[in-house]
Structures are given as C-alpha cells and as structure tokens.
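S.K.: give me a 3D structure for the following:
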Amino acid sequence: MQTDQTVLTYTLFVGVDIAAQTAMVATQRPGAKASRSLTIEQTPEGYSSLLRQLQTTGSVPGQVLVVMEATGSYWISLATRLVHAGFAVSVINPAQAHHFAKALLKRAKTDAIDAQTLAQLAMILQPEPWTPPPQIYYALQQRLAQRDDLLNLRQQVRNQLHALVQHPEVIAEVRARMESVLATFASQLTEVESEITTALSHDSAWAAAATRLQSIKGVGWVTAAWTLVTTLNLTSCDTVDALTAYAGLAPMPRQSGSSVWHRPSIGHTGNGRLRTAFYMATLSAAQHNPVIKAFYTRLREVGKPEKVARCAAARKLLHIAWAVVKKDQPFDPNYALG
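M.R.: As a prediction, this is how the structure comes out:
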C-alpha cells in the first residue's frame, strides 16, 4: 500500500479485467460509485481509445492509478502502453483480486463486476506501481520460453519414434519424417541457444550476474538465465526471504491458535519456473557442490524424505545465488561452508 503522502496524489482509480481479445474497464473516484464498465479491444487501436477516454476524465495521467491482473501475457502490452503515457499501473496476482472480492462478499462474477472490483481494490489498497522490464528481459524471456517448448516438442517426437520402432514393420517414410523433424528441432535449439548467449552479452549488468551465478556448482547457464529473467536480475525482491517466498520455496506453517493442521510445507504459489529451475539444479548440486552436498546429505541422514531435502537444498542454493549477485563475488565454497 502506498504511503499517506502518495495516497493523496491519485484522484482516479481504474480497474481493467483482461481477456485474450478484449478488456473490460471501470473507473472509481473517492466517495463515488464505480462507473459503468466499458469494453476495449486488445489492439493498438483499442489502447488508443482507452487513453483518449482517460484523458477526458479531468485527471492528469500521474493522478490515475490503473490496476490489472497478471493474466498470462495478455496484460503486458496494455500495461506498457499506459506506463509510457504517464499513468501509474499496478499489476497484481489474480489470487489477490480473488481474495479481495471474497472480502467484499461479492458472489456474482462477470467481466464488468471484476473490473469494478479491481477499481475498488486500486482505491483501497493502492498497490505499488509496476515498472516495465528492460529490453534484455524480452530478448531472453521469449527465447528461453521457446527453448522450453522446443525441448518438450522434441521429447514428444522422440517418444513417438520409440513407439513406432516397436512395430514388427516400420514404414520407412514415416520414420524418415520423424527423424527429419527431430533434426529440425536440434537445429532450432542450437540457433535459439546461440541467440540467448548473444542477447545476454549485450547487457553488461545481466551478463556479469550470469557469470556470478554460473560460478556456483550446479547452476548452469539455463538456470542462470531463468533466474535473471524471473527476478529481473534479482531486483524484483528486496530481501532473500522475499525471493524465497517469490520462488515458492519458503515453508508455510498451517496453524490456528494452538492447533497445528499440518507440518510446514512449500505451496504451489510463487514463480513456478524459478522454483523448477532451482529444484532441478539440486540434482547436480547435491553431487558436485560441496555446500549443497553436505546440506542435502545431512537432511537425508536424519530421515527427511527426498523431496523435502531437495526443496530445502533448492532454497539454500537460491540463498547462495542471491549472495553472489548482491555481493558481486563468485561463489566461494570455503566461505559458504564456514
């Protein structure tokens, strides 16, 4: 929530309910009812139409707070356009909007109601404004995502080819096409990985952070790149504990009063891609990184299940990643062990 001094700067609050093709918009002023919602197209023309309408409200862009949910990738073009036009934009987790609506006892759910709820949330909570990521983010994120897709598609075709050759008679043309597809995937993977390396070299700060991260045994270039993308070079969180929670690796206790419902465990919230990257990194780190190996082995020896031990190791590995980037120093296992 904003400070008291900042609260007074906003005179108009806007809620935007995002969909793939359209967006529903509602406005709210302090002491007044929410406006009737309007629909805009998810196109440059639709964005221009919204800007024109906001400019006729009597509030200057800096006095307008727009709140929208992070729904897939559908929100980012509109959010960026609004920020560049001078509006304050907050992008929130859909779960936050859901819980806010429940607190208001809203049972009906339509796009118009959702937009009005977001406008109310903007006025009451005034979440922190969002800042568009730097160009290097897009250069890496889209290529890393495409690399993941190519790997998944390649594995699907490999599985299909494996099933095909189990037949007593294999049609040569069918097999040849599958092998051709696999060759294409291999070529495209080489191409996109080269582009990732080149893109990273064009930003000195991100490249330096990637070098620091890869000094940690168990953290390869893919984990390093995904760490930079998902955390905006570890600037999206103010503390290592916040980063751990953001990754969904912080144990969450479940209790009420004197009753403990379950043992603390990690949830399914947080950034799944970052969590997966560090969980998978422990497979190597638990064997080759002396700090993680000792930590993981100790947990297993006292009876911790493998998954619990790996999550704890991933959490420790993430703490190390935070330290090497923030201190701008390579990983020193002797220092970490001490």
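S.K.: would you map the helices across the stretch 151-300 of the chain?
M.R.: Secondary structure of the stretch 151-300 of the chain (DSSP state H, counting those that start in this stretch): helices located at 172-201, 204-214, 221-231, 240-246, 272-288, 290-301.
S.K.: columns mean pLDDT, mean neighbour count and distance to T71 on top of those helices, output as JSON lines?
M.R.: In this view, the C-beta of every residue, glycine as well, is placed from N, C-alpha and C. Shown next, in JSON lines, are the helices of the stretch 151-300 of the chain (pLDDT from 0 to 100; neighbours: other Cβ atoms under 10 Å; distance: least, Cβ to Cβ, whole Å):
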{"stretch": "helix 172-201", "mean pLDDT": "98", "mean neighbour count": "14", "distance to T71": "26"}
{"stretch": "helix 204-214", "mean pLDDT": "97", "mean neighbour count": "18", "distance to T71": "27"}
{"stretch": "helix 221-231", "mean pLDDT": "96", "mean neighbour count": "22", "distance to T71": "18"}
{"stretch": "helix 240-246", "mean pLDDT": "93", "mean neighbour count": "18", "distance to T71": "19"}
{"stretch": "helix 272-288", "mean pLDDT": "95", "mean neighbour count": "19", "distance to T71": "16"}
{"stretch": "helix 290-301", "mean pLDDT": "96", "mean neighbour count": "17", "distance to T71": "36"}
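S.K.: dump those helices into a markdown table; add distance to A122 as well.
M.R.: A markdown table is the format used below for the helices of the stretch 151-300 of the chain (distance: least, Cβ to Cβ, whole Å):
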| stretch | distance to A122 |
| --- | --- |
| helix 172-201 | 35 |
| helix 204-214 | 32 |
| helix 221-231 | 26 |
| helix 240-246 | 22 |
| helix 272-288 | 27 |
| helix 290-301 | 43 |
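S.K.: quick one: closest of the ones you listed to V66.
M.R.: helix 240-246 (23.1 Å; Cβ to Cβ).
S.K.: if we can go back for a sec, for Q329, which of the helices of the stretch 151-300 of the chain is the nearest?
M.R.: Nearest to Q329, of the helices of the stretch 151-300 of the chain and by Cβ to Cβ, is helix 204-214 at 7.1 Å.
S.K.: picking up where we left off before, to P127, which of the helices of the stretch 151-300 of the chain lies closest?
M.R.: helix 240-246 (15.4 Å).
S.K.: name the helices or strands packed onto that closest one?
M.R.: Where contact means 3 or more Cβ pairs under 8 Å, 6 or more residues apart in numbering; DSSP states H and E, helix 240-246 is packed against helix 306-326.
S.K.: check the offset of the helix it packs on from the chain's centre.
M.R.: Distance, stretch centre to chain centre, for helix 306-326: 18 Å (Cα atoms, centre = their mean, to the nearest Å).
S.K.: what does stretch 290-302 give?
M.R.: Centroid separation between stretch 290-302 and its chain, computed with Cα atoms, centre = their mean, is 29 Å.
S.K.: now do the strands in the stretch 51-200 of the chain.
M.R.: In the stretch 51-200 of the chain, the strands defined using DSSP state E, counting those that start in this stretch lie at 64-69, 88-92.
S.K.: of all the helices of the stretch 151-300 of the chain, which one is nearest Q116?
M.R.: Taking the helices of the stretch 151-300 of the chain one by one with Cβ to Cβ, helix 240-246 is closest: 29.1 Å.
S.K.: can you list the weak-confidence ranges in the stretch 1-150 of the chain?
M.R.: 1-8 (pLDDT under 70).
S.K.: ranges for the helices of it?
M.R.: With helices called from DSSP H, counting those that start in this stretch, the stretch 1-150 of the chain shows them at 4-7, 44-55, 76-84, 94-103, 111-125, 135-164.
S.K.: Throw those into a markdown table and include mean neighbour count, thanks.
M.R.: A markdown table is the format used below for those (neighbours: other Cβ atoms under 10 Å):
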| stretch | mean neighbour count |
| --- | --- |
| helix 4-7 | 10 |
| helix 44-55 | 15 |
| helix 76-84 | 17 |
| helix 94-103 | 14 |
| helix 111-125 | 22 |
| helix 135-164 | 15 |
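S.K.: I'd like these laid out as a markdown table, including distance to T231.
M.R.: Converted to a markdown table, the helices of the stretch 1-150 of the chain look like this (distance: least, Cβ to Cβ, whole Å):
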| stretch | distance to T231 |
| --- | --- |
| helix 4-7 | 25 |
| helix 44-55 | 28 |
| helix 76-84 | 17 |
| helix 94-103 | 19 |
| helix 111-125 | 24 |
| helix 135-164 | 10 |
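S.K.: cheers, nothing more for now.
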